[in-house]
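[1] Pasting the sequence and the predicted model now:
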Amino acid sequence: MMRRLHSLRRLSGNALLLAVCAGLPAAYAAEQNGKGSNNGAKAASAQNGAKAPSAQKNAAPAPQGEQFVDGIAAVVDKDVITLRELRDASQRIAGELKSRGIQVPDDQTLQHQVLQRLIMERVQRHEADRMGIRVEEAQVDQAIQTIAGRNKISVDQLRQELEKSGTTWDAYRKSLRDEIRTDRLRQRAVDSTIVISDAEVDAFLKDQRRNPAFGAEPAPQPQPQARPEPAPEQAAAPAGPMLYALAQILVRVPEGSSPEQLAALRKKAEGLLAQAKRGDDFASLAAAASDGPEALQGGVMGVRPLDGWPDLFVKAVGGLQKGQVSSLIQSGNGFHIIKVMDRGSAQPAPSRTARAPAPAPAPQPAARPQQAQQGPVEVVQTRARHILIKTSTVMSDDLARQRLEQVRQRLVSGGAKFEDMARQYSQDATAPQGGELGWLNPGETVPPFEAAMNALQPGEISQPVQSPFGWHLIQVEERRQHDASDDVARMKARQVLFERRAQPAFEDWLDQLRAQAYVDNRLEKQQKIQQNNR
């Protein structure tokens, strides 16, 4: 169903932030000075605690018995990660860790962690290329304009702030491009597979009625983001829900691990838990030992209302106070240690953020409903159809747009009906229904789609419109004023339930992607040979 176009307004936990905001300072301070260059990717684990030797050592000739190509740290499919690239990334990340007061791991450990990140970035990039996902310079420019606008500064001022923090403009643009690509990859590969049933929504709303404080929504903000996870500038007003800023250390358990391997990894996790419980710096432990995607951000995963975190985390931290560490949590991925970096419901002061958002929110045909109001919530609903053509290695953006332009010419000339063209050409699940989307509430589809739809009068057909899912033609059939009180409550429930599943599902998908890729980790291989020769 095209209703999975829904922008569930999630923000990446690896956001790029520039300044410390008030309200939840400890949590945000760790997140705000980080640079989320891993874009939600799960770094492949160092399950056995092996530490890669330094780049300088690996440039030396290899021991006899196996020949190593000088200058290569790893090969990912047909792509090469060079020792120079690894060294530069390690130096950059070491500087970021120092600037945030996080102890930098020893060279071998740091290079191991950084190389795992680079490998996952390559794996994701290759999959995005295979799916035809491209991020153009104009899209990066648009993201930068949006970021600057949200922070009420010019692009030049944003650049100055970044350079003051030690981040080059080119590196910043690359990070934005990577994050946009990962977001589109996640939406294409994972979001559409998550189905929230009406029964689950009913059960959630029933629980919410029993405990209103748990499911309370934050007061509306004047500039809603493209996904529901609160950013610092979106944190709840005093009457809103309790926000939890969490960090984790993950000891990954590979699929198919033997009982002996499982026991060894549990012992490693228990050792890390003991260190965290006795007061060792959590961020430094995460940077050195975590297998999680946010390891090199000190383990910081972001800030959300409690019910927005995965169920396992909710159960583990619901009773914890700021600064406390959970017991060991076992999941399908491995062993988790969660720390409550901060919790609270106070409205933080405005901060300057620098993240890679989806395009700016679309203008609405009617004002969005105000939350937490009594009585009916009136909105303008739109009933629409669409035709979706997805991009791939054989269907480029240009080809998809050209095909839709040809279809549109047939439609506006009266040579065909929209529903017939949708059945013939659309690659969405709504194709058998002639592209019918039903009645849509404001905010229910991704911003580019909604902006184009809102600009149409009933009966009009849009020009080709690009979204994270591909290219669309949209036809508005009619609009109506509607009491959406129940719809809004159910949509928010779906968002929360979706959020609980989306990131774990994406991480599982990335694990599978990583397992299917050809990866030749030269550093790890050389270390094993050196150990065997001792």
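    That came in fine, so what should we check first?
[2] use CA for all of it now, contacts and neighbours both
    OK.
[3] can you map out the strands along the chain?
    Remark: strands assigned in the chain by DSSP state E are 72-76, 79-82, 243-252, 300-305, 329-330, 334-344, 378-389, 436-440, 465-467, 470-483, 519-521.
[4] Residue 326 contacts residue 339, correct?
    Yes: if you go by CA atoms under 8 Å, residue 326 and residue 339 touch, sitting 6.3 Å apart.
[5] Compare the two (neighbour count), which wins?
    Counted by other CA atoms under 10 Å, residue 326 and residue 339 do not tie: residue 339 has more neighbours, with 28 against 21.
[6] residue contacts, the more buried one?
    Shown in contact with residue 339 (CA atoms under 8 Å, 6 or more residues apart in numbering): 246-248, 282, 317, 323-326.
[7] And the buried ones among those, selectable in PyMOL?
    Selection of buried members from the contacts of residue 339 for PyMOL, criterion 16 or more other CA atoms under 10 Å:
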select buried, resi 246+247+248+282+317+324+325+326
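[8] Tabulate the contacts of residue 339 in TSV, adding columns for distance to residue 159 and pLDDT.
    Below are those laid out as TSV (distance: CA to CA, whole Å; pLDDT from 0 to 100):
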residue	distance to residue 159	pLDDT
246	29	94
247	29	95
248	31	95
282	31	96
317	38	90
323	34	93
324	37	94
325	37	95
326	39	95
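[9] circling back: least reliable of the strands of the chain by average pLDDT, please.
    Note on the strands of the chain: strand 300-305 shows the lowest mean pLDDT, a mean of 88.
[10] Could you tell me the angle between it and strand 243-252?
    Note on geometry: by axes from the mean of the first three to the mean of the last three CA atoms, to 10 degrees, strand 300-305 and strand 243-252 are set 140 degrees apart in direction.
[11] Pull the distance from strand 300-305 to the chain's centre.
    12 Å (CA atoms, centre = their mean, to the nearest Å).
[12] Next, find the distance separating residue 253 from residue 527.
    Using CA to CA, to the nearest Å, residue 253 is found at 21 Å from residue 527.
[13] out of these two, which sits in the more crowded spot?
    Legend: neighbour count by other CA under 10 Å for residue 253 and residue 527, higher for residue 253 (24 against 19).
[14] backbone phi and psi for the more buried one, please?
    As for residue 253, its main-chain torsions (degrees, to the nearest 10) stand at phi -110, psi 110.
[15] Let me see the contact set for the nearest residue to it once chain neighbours are set aside.
    Spatial nearest neighbour of residue 253, chain neighbours left out: residue 334 (4.5 Å); criterion: CA to CA, 6 or more residues apart in numbering. Contact analysis of residue 334 by CA under 8 Å, 6+ apart lists 250-254.
[16] if you set the cut-off to 10 Å instead, what comes out?
    Residue 334 makes contact with 47, 250-255, 262, 265-266, 269, 291, according to CA atoms under 10 Å, 6 or more residues apart in numbering.
[17] Narrow those to just the buried residues.
    Using 16+ other CA under 10 Å as the burial test, the contacts of residue 334 include 47, 250-254, 262, 265-266, 269, 291 as buried.
[18] What mean pLDDT does stretch 396-414 get?
    On average, stretch 396-414 scores 93.
[19] Ok, stretch 254-265 next?
    Throughout stretch 254-265, pLDDT has a mean value of 91.
[20] next one: stretch 187-207
    On average, stretch 187-207 scores 85.
[21] list the buried ones in it?
    Neighbour-count burial for stretch 187-207, counted by 16+ other CA under 10 Å, picks out 187-188, 190-192, 201, 204-205.
[22] about what we covered before: could the contacts of residue 339 be laid out in a markdown table, adding distance to residue 502?
    Shown next, in a markdown table, are the contacts of residue 339 (distance: CA to CA, whole Å):
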| residue | distance to residue 502 |
| --- | --- |
| 246 | 17 |
| 247 | 18 |
| 248 | 18 |
| 282 | 26 |
| 317 | 20 |
| 323 | 27 |
| 324 | 26 |
| 325 | 24 |
| 326 | 23 |
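[23] Can you tell me which of the contacts of residue 339 is closest to residue 479?
    residue 246 (42.2 Å; CA to CA).
[24] List the contacts of the nearest residue to that closest one once chain neighbours are set aside.
    Distances taken as CA to CA, 6+ apart place residue 340 nearest to residue 246, at 4.9 Å, with adjacent residues excluded. With contact taken as CA under 10 Å, 6+ apart, residue 340 is in contact with 27, 244-248, 300, 317-318, 320-326.
[25] Most widely separated two among those?
    Farthest pair in these (CA to CA) is 300 and 318. Separation: 17.5 Å.
[26] between these two, which one's more packed in?
    residue 300 (30 against 13).
[27] what bridges to that one?
    Using DSSP bridges, the beta-bridge partners of residue 300 come out as residue 247.
[28] which residues in the stretch 51-200 of the chain form helices?
    Counting by DSSP state H, counting those that start in this stretch, the stretch 51-200 of the chain has helices at residues 55-58, 83-99, 107-130, 137-150, 155-164, 169-189, 198-210.
[29] can the ones you listed go into JSON lines with extra columns for distance to residue 466?
    Listed next are those as JSON lines, based on distance: least, CA to CA, whole Å:
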{"stretch": "helix 55-58", "distance to residue 466": "42"}
{"stretch": "helix 83-99", "distance to residue 466": "33"}
{"stretch": "helix 107-130", "distance to residue 466": "16"}
{"stretch": "helix 137-150", "distance to residue 466": "11"}
{"stretch": "helix 155-164", "distance to residue 466": "25"}
{"stretch": "helix 169-189", "distance to residue 466": "12"}
{"stretch": "helix 198-210", "distance to residue 466": "30"}
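[30] So which of those helices is nearest residue 427?
    Across the helices of the stretch 51-200 of the chain, residue 427 has its closest neighbour in helix 169-189 (12.5 Å, CA to CA).
[31] Any buried residues in that closest one, and which?
    172-173, 175-188.
[32] C-alpha coordinates for it, CSV please?
    Coordinates of each C-alpha in helix 169-189 appear next as CSV, following Å, rounded to 0.1, in the frame of the first residue of the first chain:
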residue,chain,number,x,y,z
TRP,A,169,32.9,21.8,4.3
ASP,A,170,33.7,18.9,2.0
ALA,A,171,33.6,16.4,4.8
TYR,A,172,30.3,17.8,6.0
ARG,A,173,28.7,17.6,2.5
LYS,A,174,29.9,14.0,2.2
SER,A,175,28.3,13.2,5.6
LEU,A,176,25.0,14.7,4.5
ARG,A,177,25.1,12.8,1.2
ASP,A,178,25.8,9.6,3.0
GLU,A,179,23.0,10.1,5.5
ILE,A,180,20.5,11.0,2.8
ARG,A,181,21.5,7.9,0.9
THR,A,182,21.1,5.7,3.9
ASP,A,183,17.7,7.2,4.7
ARG,A,184,16.5,6.5,1.2
LEU,A,185,18.0,3.0,1.3
ARG,A,186,16.2,2.3,4.6
GLN,A,187,12.9,3.6,3.3
ARG,A,188,13.2,1.5,0.1
ALA,A,189,14.5,-1.7,1.6
